[in-house]
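Participant: Sequence and predicted structure are below.
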Amino acid sequence: MPEPYAHPEVLVDTDWVEGHRKDPTVRIAEVDYDPQANYAMGHIPGAILFDWRRDINDPVRRDILSAEQLTALFRRGGIDDGTTLVLYGDFNNWFAAFAFWAFTYYRVSNVRLMNGGRRKWIAEDRPLTREAPTPPSGSFSARAPDERIRAYLSDVLSALPDVAAQRRALVDVRGPKEFSGEVTAPPEYPTEHAQRGGHIPGAVNVPWAQAVNDDGTFKSRAELETLYGDKRVRAGLPVITYCRIGERSSHTWFVLRYLLGFEDVRNYDGSWTEWGNLVRTPIEKP
């Protein structure tokens, strides 16, 4: 028997979701970067939509949604304080993981991620619908944020000496060409470039996709421990993850915190679009 994940309760499979689609205590939400290309074309019956850009981020500030916005979002989605919320989405759950992290930041504890995301559900030929549900209003109320799981620019700057001394790990989850500075953003994201390419000094590169199988599900705990251990990212070491805008690093944050059980993992959601655009922030570039 393979060793179980550190917190297996936060991960549900497609069979579990299929069996709980009509459970009144469960709310399923699809989180998409492009809802018109995904949710609108067919989604899990009963699933509500969380638009990553509109619902999880503030439309004016460069920030995630506020506690007040989260309260309104959940109430509109028919979510109560006791509801089990299951998230899934496109891009192998990039944006679902970002929503998971944002909701956990506001201490939402009864949230799950569907392993394999939208891609696996469709590959298994499970039911889809274009009908958007209209659930009754929920009664959820957001709590004060947990700053222990979020890193800001000042936190990363102050952590650099510990990163250099290998007392803290800084994990860049972008692709190798982004890490090296050969490109500042993949071509499919033309509005997310930075002024400079490269990476934060001392960061190790563990691309997020190395943590998943071909079907989008997470690799085994043993495989994940080897993957990160080979880059000196190990349990007991404080970790900060980052990418370009915070969604891929949320995916790795989820892996380290919940699948491997790291106790001190923070997501730097400002990521390279902040760091690479600021005057005099140090970078490394071969």
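Facilitator: Alright, I've got the coordinates. Keep in mind that this is a model prediction, so the values were computed, not measured.
Participant: is it fair to say V86 lies in a strand?
Facilitator: Yes - looking at V86 with DSSP: H, G, I helix; E, B strand; the rest coil, it is inside a strand.
Participant: What average pLDDT does stretch 194-201 get?
Facilitator: For stretch 194-201, mean pLDDT is 93.
Participant: sorry, that was for stretch 176-186
Facilitator: Per-residue scores along stretch 176-186 average to 89.
Participant: Pull out the buried positions in that stretch.
Facilitator: Buried residues in stretch 176-186, counted by 16 or more other CB atoms under 10 Å: 178-181, 184-185. C-betas here are computed from N, CA, C, even on glycine.
Participant: CSV for the residues you listed, including distance to G89 and secondary structure?
Facilitator: Below are those laid out as CSV (distance: CB to CB, whole Å; DSSP: H, G, I helix; E, B strand; the rest coil):
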residue, distance to G89, secondary structure
E178, 22, helix
F179, 25, helix
S180, 29, helix
G181, 29, coil
T184, 25, coil
A185, 20, coil
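Participant: would you list those residues in JSON lines and tack on distance to V265?
Facilitator: Below are those laid out as JSON lines (distance: CB to CB, whole Å):
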{"residue": "E178", "distance to V265": "21"}
{"residue": "F179", "distance to V265": "19"}
{"residue": "S180", "distance to V265": "25"}
{"residue": "G181", "distance to V265": "25"}
{"residue": "T184", "distance to V265": "26"}
{"residue": "A185", "distance to V265": "25"}
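Participant: Let me know the closest of these to G198.
Facilitator: Using CB to CB, G181 is the member of these that sits closest to G198, with 3.9 Å.
Participant: Name all residues that make contact with that closest one.
Facilitator: 196-199, 283, 285-286 (CB atoms under 8 Å, 6 or more residues apart in numbering).
Participant: quick one, what contacts the nearest residue to it once chain neighbours are set aside?
Facilitator: For G181, ignoring the flanking residues on the chain, the nearest one in space by CB to CB, 6 or more residues apart in numbering is G197 at 3.2 Å. Shown in contact with G197 (CB under 8 Å, 6+ apart): 178, 180-184, 276, 285.
Participant: I'd assumed V233 was in contact with A169.
Facilitator: Yes - assessed by CB atoms under 8 Å, A169 is found in contact with V233 at 4.6 Å.
Participant: which one of these two has more residues nearby?
Facilitator: The neighbour count for A169 versus V233, taken as other CB atoms under 10 Å, is higher for A169 (25 against 22).
Participant: All set now, cheers.
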